[in-house]
Each structure stands twice: as structure tokens, then as C-alpha cells.
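Visitor: coords please:
(chains A and B)
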Amino acid sequence: MSAVTSKPETAGTAEKSTSEKEKWLHAHRQMVSIRLFEEQVNELYTRALMPGLAHLYSGEEAVAVGICEALRIDDYITSTHRGHGHCLAKGAAPDRMFAELLGKEAGYCRGKGGSMHIADPATGNLGANAIVGGSVGIATGAAFAAKNLGTDRVVVCFFGEGALGQGSLYEVMNLAQLWKLPVIYVCENNQYNEYTHYQDTTAGTILGRAVAFGIETAKVDGQDIRAVNKIAAGLIQRARSGDGPAFLQCDTYRYSGHHVGDIHREYYRSKHEEQLWKTERDPIRLLGSWLIEQGYADAPALETISLEARKSIEAAVKFAIDAPYPSVSEVDEDVYA
Amino acid sequence: MPERELTFAQAVREALAEEMRRDSRVCILGEDVAEAGTPFKVLSGLVEEFGAKRVVDTPISEAGFTGVAVGAAMAGMRPVVDIMFGDFITLTMDQMVNQAAKVHYMSGGHWKVPMVMRTTLGATRRSAAQHSQSLHAWFSHVPGLKVILPSTPYDAKGLLKSAIRDENPVVFFEDKMMYKLKGPVPEDDYTIPLGVADVKREGDDITLVATSSMVQVALGAADLLDREGISAEVVDPRTTWPLDEETLIDSAKKTSRVIVLDEGYGRYGVTSELAAVIAEGAFYDLDAPVKRMGAMHVPIPFSPLLEDATVPTEQNVFEVARSMCQ
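Guide: Here you go, the predicted structure:
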């Protein structure tokens, strides 16, 4: 190898490690922001400032961030009742998210959707959905449009393992594979269908369902953001280049209850189990340790990221609390386009 | 030159073809819609003109392809789904009611769902309980959906073109017994606005408000009444939502007697709603309670004698109307 060619290679490696460092510091910041966002949601809820229900995403951050970091802004996602993490990871602003959660005019849906229905065309978010498995048709249809309109957009359909019980999922997976649609079905297996362990509700294997349709499948440790991102990037690229849908199982864990009010959980899972996931498998800590090992950050630097994220989340909450409610006259606006 | 006549099926097909030529985002999804042209042959010839990418055969998977249409509409297409028998809308309810109908409102007006569902209604085809129902009341109940009930080839073409151009999810119910009905249909590119009723026949003594298959029944009854010296007005709302309340109420005020006819079940149904609208709007001008006539409250039976007994006929309507005018 000549000196002439080795020089740019060295420069390339240095560039790569800089961008690698920035990429993972950014991902770390995103996960921390989601964690802090959900802490504030819990706070708003327990202080009775937030109407309705709140389903927290804490513990699952590596899935949303790992996958959305591999998407373009004009790619689409669909989300779930536990959707704050997906929306933020796809680019939603925390202040307008909080405003929506509090039913304010400044919210993404002008207060008409709430926590379970955040939607935002500007970031390709087709909407969170409060019907379990309710968005699988929309995601597959967006992929149908992406392909038929001649774009190279990709759609990621997030759903929990609870949606595996819904028949519509299998109808659309069949269509997606028949028509080679650019959609990635991301099954977030957080272990529990509400208050029931998924093994009590799920015959056979999770991946076996997609295998039956001949869909490309993969399974990944959903607490390891680098693994999630790597595998997702491959599946997304594959879909973008016209090779069809994929099904990605991400094994993860829901730190909180099914919703904020689900406090007494011992009848369906032990505190010991929860503690183990939090201490051994926390996605933020795992990435943090790796960043330190790589020399990309030290503990104080990560602490600074946390503090900055906390400040901006707190400012976002304040924005939402101070924001006005919609005028009652808006109640019958937007029923029809 | 005599006006050109088309069958109801040909009018539907012409509307689709014209809109597909006009707008490349319009596509058709459904079971056996391509080469087969559906079992009713309504879509014959479309795949030959527009190709299999725009006239898409699906598996027997109503919830799946209806859901796909919702997402495709959100992402920039204008899909028309074909649900072969209206009875099968039950399989699509989550997609239509929880998704399509609510996306625009829930998103604060940010996402739109410009899709059309074409499906059928109507009994007396000897198809028994799961292929004969008229379930349009179900969708008419849901804010966010529009519902069309064309009763002539002319209306079918103009209303379907409006439906395809509409920015909302629209359900278009075709009476499967009417596909061979002929009527004048201009070759022009005309549309009929949604929410405008049509007075199919003017009269002074009684109003017959009728939808879809019942419009022909009402017109037949009006002929029989005419022979008795009773002048019946026939008003077709054409859409259950948006609803042209004004035309219904004005006609009721004019004649002071009203029968509402619809092939769905009256119980919590379209006739109940229309009767209530008329009663609220024209109460002090009415000389008799508004009468409802619709499908008998039974699952549609198979045996022809039994089936025919479930649907109002010209003779039934004539008799009820005559007794109201005495």
C-alpha cells in the first residue's frame, strides 16, 4: 500500500471515529431526553396536571432511538399508545409534545389527540395509535404509497408484542411480502401484554409468525442501542432498495406499569425482576459505559449531557403548563378536511 | 339526438375510469377487481386500461387492504377500495371507524384520508343472511365519514367522482340489484356535490323520502298513488352524511305527510334519523306522524317467499301512503 493511498485512509478513519463519537453521543442524549421526558410525564400525572392516561416508555429507549437514528426525516413511522419515545426519537419537539399531553392548543394535534395520538407530518410521524395493532394497516399503506409514488421512503411500524394477538397484523404482513413493500415491522417485546406475560398469550415463536410469510426476520437485544441501530440500518437499506419488508424483534423491558396508575405489580412480576433489568440491562447505562470505554466521553461529560437535557425538558414542561387551552369553539373543527 | 343511456354499473365504471385518467394517484384495491372485474363485472376493462399497479387484486383480506388504503391515502394516494358485499364491512370496522374517520380530527387537522370505499347493499338476490344486508347506517353514525347512496346511473357517476375528489374517507353504497338499471348519463365531466338532495318527482299531498334501492320503489308507488288522485313527492337525500336537512324539511312542510323509506333496518337506523330530522324541523306543519318503512327486523332469509317479505314494495308503500292521505 502506497503512502499516497494510506494517508486519506488514516484521515478517513479519524473522521469516522469523530462521526462515530458524535453519532453515539447524540443517541445517548436522545435516550436521556426520552427518559427525562417520561419522568416528567409521571410527575405531571401524579400532580394531577395531566388528564387521561400515560403509558411510559422508560426502559425501551434503545429501540426507538436505535431505529429512528437509521431513518431519514422523510421516512414514516407509526407508533403506539406507549409512543412518546418513538415520536421524540423521530424528531418531535418536547415542548409541543408536553403541550399535547396537557391538551393545549400548542400541542402537535392542537389538544385533540393527547398522549396516545401524537402525529406530525413534518417528522413523518403518521400517528400514535391507541388500538393495539391499530396502525399496522396505515404503516403498510404508507409503504404501498411510498413504492407506488416512486419514492424511496421507508416505513417503520412500531408495535408491542401484545399486538401479535391481532389478526390484522397477519393480513398486512401477507400483503407487504406479496407486494414487496418497504415496511419494517418492529415488535417491541417488553415482555408484558398489559398485566400478562407474553408467554401466556403467545403460542409458537414471535419470529415464526413472520417467517411463515417469507419475510426477512431478525432478533436483537433491545437494550443494546448499537446492535439495534446496526441491524435496523441493514433492514432499512434493504427495504429502501426494493427488497421488501422485514420483521425485527427487539427484546426489551417496560420499567413502569402498563400505565402510570399501575403501581402494585407484584401479582404479575417481581420487584426483583424489575430491579435486575434496571441495574443490569439499562440501555442508557450500557451505552454510557461503552462511550467511556471508547474514550468518547467521561463520566462528567455524560453528567453534563444529562443536566442539559433536564434543563431543556423542564423548560418544555413549563412551556406546556403556561400554554393556553384551545378555544371551545374548536371542538367541531377538523372533523372533516 | 337522444340522451346517452348507461346502466348503473357502466356509470360507476365510467366515473372510476375518468378519475383514474385525470389523477394518477387514484388506484383500486379489492378482491378480484382486475381481470375478473368483480363478480358483478362493474370494473370490467379497467385493468386493461390502467394496469395491475393501479387496479390491484388483493387477497381475501378486507381489514388488511382497507387498512392499506387508509395509510396510502395519508401518504399521498387516492385509493378506492372495493368491498364486494356490504355485509363484509364488518371486517373493516376498526380501519374505517377508529382509523380513517378519526385521523384528521385526532391529528388536529394535520393528516388527511382521501379514500373511497365502494360496497353494496340490498336484498332479494337470494343470497341469504350474510350477502344481503344494507348496513349503511353503521357508517352514517360515525363523525369523520361521509356516506353516499346513489339511486340512478346519473347520480352514481356524479357522486362517485365527487367522492374520489373529496379529501375525506367516503363510503359509496351501490344497490347490487340496480346494476342493470339504465338511465341517462352525460359524457361530460360532471360532479354532484355531496349533501344536496334531489327531488326525483314533485308532488303536493305526501312526501316519500327514499334512498338507494327505495327510490325506484317510491317512484313506482307514486305512479300508483297518482291513479288514485294522490300527488306524491319523491325526495332522495343521496347522501346520509352530509345530510341536506333543508330539502327534506321543506318538502315535509309543503305536503304535511311523510313516509321515509330505506332498505336498512329502521331500528336505530337511517329511517329513524331522517324521520327525527323531519319531525324536529316540520312538526307544526305535519298532519300525521312521520312513517318509517325499511327492512323487517330479521336476518335476511334465503327462501324467496320469505326474503321478499322483508323488503318494502311499491304496493306496500302505496297502501301506507293512501291510508295516510285519507
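Visitor: now the residue of chain A found nearest chain B: closest residue in space, sequence neighbours ignored.
Guide: Among the residues of chain A, A:Gly137 lies closest to chain B, at 1.5 Å counting by C-beta to the nearest C-beta. Any C-beta I mention is one placed from the backbone N, CA and C, and that applies to glycine too. The shortest distance from A:Gly137 to any non-neighbouring residue, by C-beta to C-beta, 6 or more residues apart in numbering or on different chains, is to B:Gly67 (1.5 Å).
Visitor: same question, A:Arg110
Guide: Per C-beta to C-beta, 6+ apart, closest to A:Arg110 is B:Gly108, 3.6 Å.
Visitor: chain B: strands as residue ranges?
Guide: B:5-7, B:26-30, B:55-57, B:78-83, B:116-121, B:146-148, B:170-175, B:182-184, B:198-201, B:206-210, B:232-236, B:239-241, B:258-265, B:291-295 (DSSP state E).
Visitor: and for the residue nearest to A:Arg110, the neighbour number?
Guide: Using other C-beta atoms under 10 Å in any protein chain shown, the number of residues around B:Gly108 comes to 23.
Visitor: so what's it up against?
Guide: B:Gly108 makes contacts with A:107-113, A:119, A:334, as judged by C-beta atoms under 8 Å, 6 or more residues apart in numbering or on different chains.
Visitor: top of these by neighbour count?
Guide: A:Tyr108 (29 neighbours).
Visitor: so that residue is in contact with A:Phe98, correct?
Guide: No. A:Tyr108 is not in contact with A:Phe98 according to C-beta atoms under 8 Å; the separation is 10.2 Å.
Visitor: show me the common contact partners of those two, please.
Guide: By C-beta under 8 Å, 6+ apart, no residue touches both A:Tyr108 and A:Phe98.
Visitor: coming back round to it: am I right that the residue of chain A closest to chain B sits in a helix?
Guide: Yes. Looking at A:Gly137 with DSSP: H, G, I helix; E, B strand; the rest coil, it is inside a helix.
Visitor: contacts only, for it.
Guide: A:Gly137 neighbours (C-beta under 8 Å, 6+ apart): A:168, A:172, B:63-64, B:66-68, B:70-71, B:95, B:99.
Visitor: just the strands of chain B: most buried one?
Guide: Most buried of those by mean neighbour count (mean count of other C-beta atoms under 10 Å in any protein chain shown) is strand B:206-210; its value is a mean of 30.
Visitor: next structured bit after the lowest-mean-pLDDT helix or strand in chain A?
Guide: Within chain A, confidence by mean pLDDT, DSSP states H and E is lowest for helix A:3-46 among all helices and strands, at a mean of 81. Next in sequence after helix A:3-46, counting helices and strands by DSSP states H and E, comes helix A:61-68.
Visitor: output that next one as PDB, restricted to C-alpha atoms.
Guide: The C-alpha coordinates for helix A:61-68 follow below in PDB (Å, rounded to 0.1, in the frame of the first residue of the first chain):
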ATOM      1  CA  GLU A  61     -35.400   3.900  24.700                       C
ATOM      2  CA  ALA A  62     -32.700   2.000  22.700                       C
ATOM      3  CA  VAL A  63     -35.400   0.600  20.400                       C
ATOM      4  CA  ALA A  64     -36.900   3.900  19.300                       C
ATOM      5  CA  VAL A  65     -33.700   5.800  19.200                       C
ATOM      6  CA  GLY A  66     -31.600   3.000  17.600                       C
ATOM      7  CA  ILE A  67     -34.200   2.600  14.800                       C
ATOM      8  CA  CYS A  68     -35.100   6.300  14.200                       C
END
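Visitor: now it, how far from the centre of its chain.
Guide: Relative to its parent chain, helix A:61-68 has a centroid offset of 5 Å by C-alpha atoms, centre = their mean, to the nearest Å.
Visitor: same question, stretch B:282-292
Guide: 25 Å.
Visitor: quick one: buried residues of it?
Guide: B:282, B:286, B:290-292 (16 or more other C-beta atoms under 10 Å in any protein chain shown).
Visitor: which bits of the stretch 151-300 of chain A sit near chain B?
Guide: A:167-168, A:171-172, A:174-175, A:178 (C-beta under 8 Å from any C-beta of the partner chain).
Visitor: if you rank these by neighbours, which is first?
Guide: A:Val172 (31 neighbours).
Visitor: confirm that one sits in a strand?
Guide: No. Counting by three-state DSSP, A:Val172 falls outside a strand, being helix.
Visitor: pretty sure it is touching B:Val68, no?
Guide: Yes. The pair A:Val172 / B:Val68 is scored as a contact, 6.6 Å apart, by C-beta under 8 Å.
Visitor: give me the common contacts of those two.
Guide: What both A:Val172 and B:Val68 touch, as defined by C-beta under 8 Å, 6+ apart, is the set A:137, A:140.
Visitor: residue in the stretch 51-200 of chain B nearest to chain A?
Guide: Taking C-beta to the nearest C-beta, the stretch 51-200 of chain B has B:Gly67 as its residue nearest chain A, at 1.5 Å.
Visitor: count the residues that sit near that residue.
Guide: 31.
Visitor: what of A:Ala233?
Guide: The burial count for A:Ala233: 15, using other C-beta under 10 Å.
Visitor: now it, nearest residue through space, not along the chain?
Guide: A:Ala70 (4.1 Å).
Visitor: from A:Lys230, how far off is that neighbour?
Guide: Distance, A:Ala70 to A:Lys230, by C-beta to C-beta, to the nearest Å: 9 Å.
Visitor: looking at the two, which is more packed in?
Guide: Applying other C-beta under 10 Å to A:Ala70 and A:Lys230 shows that A:Ala70 carries more neighbours, namely 21 against 13.
Visitor: quick one: secondary structure of the more buried one?
Guide: Quick answer, by three-state DSSP: A:Ala70 is coil.
Visitor: hmm, A:Ile231 and it touching each other?
Guide: No. Applying C-beta under 8 Å, one finds A:Ala70 not in contact with A:Ile231, separated by 9.1 Å.
Visitor: count the residues that sit near whichever residue of the stretch 201-326 of chain B sits closest to chain A.
Guide: Scanning the stretch 201-326 of chain B for the residue nearest chain A gives B:Pro242, at 8.4 Å (criterion: C-beta to the nearest C-beta). B:Pro242 has 14 neighbours, counted by other C-beta under 10 Å.
Visitor: one more: A:Glu39?
Guide: So A:Glu39, with other C-beta under 10 Å, has 14 neighbours.
Visitor: can you redo the contacts of B:Gly108 as CSV with pLDDT, secondary structure and distance to B:Arg22?
Guide: Shown next, in CSV, are the contacts of B:Gly108 (pLDDT from 0 to 100; DSSP: H, G, I helix; E, B strand; the rest coil; distance: C-beta to C-beta, whole Å):
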residue, pLDDT, secondary structure, distance to B:Arg22
A:Gly107, 98, coil, 37
A:Tyr108, 98, coil, 34
A:Cys109, 98, coil, 33
A:Arg110, 98, coil, 33
A:Gly111, 97, coil, 38
A:Lys112, 97, coil, 33
A:Gly113, 97, coil, 34
A:Ala119, 98, coil, 29
A:Asp334, 97, coil, 27
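Visitor: and which of those is nearest to B:Met214?
Guide: A:Asp334 (33.6 Å; C-beta to C-beta).
Visitor: which one is that closest one nearest to, not counting chain neighbours?
Guide: Closest to A:Asp334 by C-beta to C-beta, 6+ apart is B:Gly109, at 4.0 Å.
Visitor: list the contacts of the one you found.
Guide: B:Gly109 makes contact with A:110, A:333-334, A:337, according to C-beta under 8 Å, 6+ apart.
Visitor: which pair of the residues you listed spans the longest distance?
Guide: Every pair of those checked by C-beta to C-beta; the farthest is A:Arg110 and A:Ala337, at 14.4 Å.
Visitor: for residue 191, what are its contacts?
Guide: Reading this off chain A. A:161, A:197-198, A:251-254, A:269.
Visitor: oops, wrong one, chain B.
Guide: B:158-159, B:161-162, B:165.
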